[in-house]
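1. Could you look at this predicted model? Sequence included:
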Amino acid sequence: RCSAVPLGADIFPCIPANLPYGSCRAGADHFRGRRTICAGTASDRNPAAPVPGPPNRTPAAAASMYVVKRLTKREETDKIKMKNNGPCRAAAGAFLLEGDAEMELTMCCPTLFGLEGIVADELRFGGKLNEVRAENGRVLFEGDEQTLAWANLNLRCAERVLIRLGSFRAKSFDALFEGVRALPWEQFIPKDGAFPVKGHSLDSALHSIPDCQRIIKKAVAARLEQVYHQSWFEESGEKYQVQFAIMHDAAELYLDTSGAGLHKRGYRANSNAAPLRETLAAAMVKLARWRGREPFTDPFCGSGTIAIEAAMIAQHRAPGLMRSFASEKWECFERSVWQQAREDALGMIDTDGQFEILGRDIDPACVRLSQENARKAAVSGTIRFELADAVKQSYDQDGILIANPPYGERLLDIQSAEKLYADLGHALEKSPVKQYILSSDPQFEHCFGKKADKRRKLYNGMLKCELHMYFKHSMHRSAKMDKTR
């Protein structure tokens, strides 16, 4: 190992062009899984291609090593002269990435089940990202710290933004310890950083969560001890939340960059007895494809979440502008990156648009609460809240209705909830409005009196629900109106 390369540095294996291949390979092979390239042709060679041994090189040749500055689109090389001695040749495969290189990150956004595709679209179209992969309950993507800041500020339907440090098989605590210790924790966690551990295990040999937490904590500390040369960590600095997931004996390790969940926008300090998660409310608005061009109604507004999320979407107001994030204070990221991301988000807000958004509730306390939450979210001038009984209103206007009526779980009982569904169905029977109604009751359509045109399985927290969509009647009505013209 070259003495100039600190333990734990971000290493990129390299074969200097003027050293014997065999002596250099010893250093490169130590970093299995990384790319090994011939330094003499670093800017031209395909990094994935096999590396041939340099022909007719002798140990007496002057040793050269190349530092590669990794940029967004390309790689550049700079030559550094080094003495040709035995230790240098034996570990010539290692060298340090320059400090000003952009950090390349693999990130993961956990989602509520059913929202993976929506979050993936947010990243592809809003974040302009190409490498996006949706899986069950999460979305993976690649990017740098600018991408990380953008995702935390702008994603409406994701639960968190995690940095994925690595994955490995872990059928024993020894394997878990060694796998965790091999990860580059020092790239993120400073000497005084606090690194609590939490996570879960499913269908794995390592099923004791407290034991897994203890082993992972010990392994991270062991890695940091090697790098910082100290045996005790006060953990008095910023929080670097370590998360783990062990499924079918495969362990994945993350750092949580968000802190509080992304559903905590900052405008809903208080809520009613059965609040709807903000990320789910935003997803319902997106599934209804509402963009602010037609009237919007929530007849069971509760704490105003659906109407507020609709207003924020219509105004292009980033959901994270009113809150802070854990990684904003991390030493490994530039503060200017976050500042620029916030300025960009503020510049996107459309405060001049005129939108017709109405929230109603039969409970005066809920109306007052909705008005207060809308004020905190800076959209009070965009939404009108009023006291009204949803089943006694006239719905003779075109537009979109999104509702989260009581399920009979926390509000009302099952019989009262099903009577409410029947009364609502009767009120909407001849309405031209497109309807999107969330319910956990499997008898909803029977009570409502009409089969949905489409259904989408969603989860409100841990409660399995379905979003019942009624829109074809509106399409048929529009077609008839076009013919009469």
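-> Yep, it's here.
2. In this structure Phe333 contacts Phe325, no?
-> No: contact status for Phe333 versus Phe325: not in contact, 10.3 Å apart, counting by Cβ atoms under 8 Å. Every residue, glycine included, has its C-beta placed from N, CA and C.
3. Can I take it that Met103 is in a strand?
-> No: judged by DSSP: H, G, I helix; E, B strand; the rest coil, Met103 forms no part of a strand; its state is coil.
4. What's the local residue count around it?
-> Close neighbours of Met103, defined as other Cβ atoms under 10 Å, add up to 16.
5. and what of the one 4 residues further on?
-> By other Cβ under 10 Å, the residues close to Met107 number 23.
6. what stretches of the stretch 251-400 of the chain score poorly on pLDDT?
-> Within the stretch 251-400 of the chain, the stretches with pLDDT under 70 are 270-274.
7. Now do the strands in it.
-> Along the stretch 251-400 of the chain, the segments classed as strands by DSSP state E, counting those that start in this stretch run 296-298, 357-361, 383-387, 400-403.
8. winner for burial among these?
-> strand 296-298 (a mean of 26; mean count of other Cβ atoms under 10 Å).
9. which outside residues touch that one?
-> With Cβ atoms under 8 Å, 6 or more residues apart in numbering as the test, strand 296-298 has contacts from 290, 306-307, 310, 355-360, 395, 399-404, 433.
10. tell me the phi and psi of Lys472?
-> Note on Lys472: its backbone torsions stand at phi -70, psi -30 [degrees, to the nearest 10].
11. What segments of the stretch 51-200 of the chain are helices?
-> With DSSP state H, counting those that start in this stretch as the criterion, the stretch 51-200 of the chain has helices at 86-90, 116-121, 145-154, 173-181.
12. Any chance of TSV for those, columns distance to Thr351?
-> Shown next, in TSV, are those (distance: least, Cβ to Cβ, whole Å):
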stretch	distance to Thr351
helix 86-90	62
helix 116-121	25
helix 145-154	18
helix 173-181	48
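13. Out of the ones you listed, flag the one nearest Glu445.
-> helix 116-121 (23.5 Å; Cβ to Cβ).
14. ok, back up a step: please identify the most buried of the helices of the stretch 51-200 of the chain.
-> helix 145-154 (a mean of 23).
15. Could you list every helix and strand in contact with that one?
-> strand 105-110, strand 138-143, helix 335-347 (3 or more Cβ pairs under 8 Å, 6 or more residues apart in numbering; DSSP states H and E).
16. Identify the residue nearest the geometric centre of the protein.
-> Central residue of the chain (Cα atoms, centre = their mean): Cys109, 2.7 Å from the mean position.
17. That one and Glu159 touch, don't they?
-> Yes: between Cys109 and Glu159 there is a contact under Cβ under 8 Å: 7.0 Å.
18. Distance of the residue nearest to the centre of the chain relative to Val337?
-> If you measure Cys109 against Val337 using Cβ to Cβ, to the nearest Å, the figure is 19 Å.
19. Ok, Thr351 next?
-> Going from Thr351 to Val337 by Cβ to Cβ gives 26 Å.
20. who are the neighbours in contact with the residue lying closest to Phe296 once chain neighbours are set aside?
-> Leaving aside its sequence neighbours, Phe296 sits nearest to Ile357 (Cβ to Cβ, 6 or more residues apart in numbering; 4.7 Å). By Cβ under 8 Å, 6+ apart, the contact list for Ile357 reads Pro295, Phe296, Ala307, Ala310, Ala311, Ala314, Thr382, Ile383, Arg384.
21. Now compare the residues you listed and name the two farthest from each other.
-> Ala314 and Arg384 (13.8 Å).
22. Can you list the buried residues in stretch 450-468?
-> Using 16 or more other Cβ atoms under 10 Å as the test for burial, stretch 450-468 gives Ala452, Arg456, Leu458, Tyr459, Asn460, Cys465, Glu466, Leu467, His468.
23. For it, output the C-alpha coordinates as PDB.
-> C-alpha atoms of stretch 450-468 as PDB (Å, rounded to 0.1, in the frame of the first residue of the first chain):
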ATOM      1  CA  LYS A 450     -71.400   1.700  -8.700                       C
ATOM      2  CA  LYS A 451     -68.400  -0.300  -9.800                       C
ATOM      3  CA  ALA A 452     -65.200   1.700 -10.200                       C
ATOM      4  CA  ASP A 453     -63.800   2.300 -13.700                       C
ATOM      5  CA  LYS A 454     -60.400   1.500 -12.200                       C
ATOM      6  CA  ARG A 455     -58.900   0.600  -8.800                       C
ATOM      7  CA  ARG A 456     -55.400   1.200  -7.400                       C
ATOM      8  CA  LYS A 457     -54.100  -0.600  -4.300                       C
ATOM      9  CA  LEU A 458     -52.500   1.800  -1.800                       C
ATOM     10  CA  TYR A 459     -51.500   1.900   1.800                       C
ATOM     11  CA  ASN A 460     -52.400   4.600   4.300                       C
ATOM     12  CA  GLY A 461     -49.700   3.800   6.800                       C
ATOM     13  CA  MET A 462     -50.100   0.100   7.400                       C
ATOM     14  CA  LEU A 463     -53.800   0.100   6.400                       C
ATOM     15  CA  LYS A 464     -54.400  -1.500   3.000                       C
ATOM     16  CA  CYS A 465     -56.800   0.600   0.900                       C
ATOM     17  CA  GLU A 466     -58.000   1.000  -2.600                       C
ATOM     18  CA  LEU A 467     -58.400   4.200  -4.600                       C
ATOM     19  CA  HIS A 468     -61.700   3.800  -6.500                       C
END
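24. need the contact list for Val367.
-> By Cβ under 8 Å, 6+ apart, Val367 lies in contact with Cys301, Gly359, Asp361, Phe385, Glu386, Leu387.
25. As a markdown table, these with distance to Ala175 would be great.
-> Converted to a markdown table, the contacts of Val367 look like this (distance: Cβ to Cβ, whole Å):
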| residue | distance to Ala175 |
| --- | --- |
| Cys301 | 52 |
| Gly359 | 53 |
| Asp361 | 54 |
| Phe385 | 56 |
| Glu386 | 61 |
| Leu387 | 61 |
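26. which one of these sits closest to Glu235?
-> Of all the contacts of Val367, Glu235 sits closest to Cys301, with 43.3 Å by Cβ to Cβ.
27. In contact with the closest residue to the closest one other than its chain neighbours, which residues?
-> Counting by Cβ to Cβ, 6+ apart, Cys301 lies nearest to Gly359, which is 3.5 Å off, once chain neighbours are set aside. The contact partners of Gly359, by Cβ under 8 Å, 6+ apart, come to Thr297, Asp298, Cys301, Gly304, Ile306, Ala307, Val367, Ser370, Ile383, Arg384, Phe385, Glu386.
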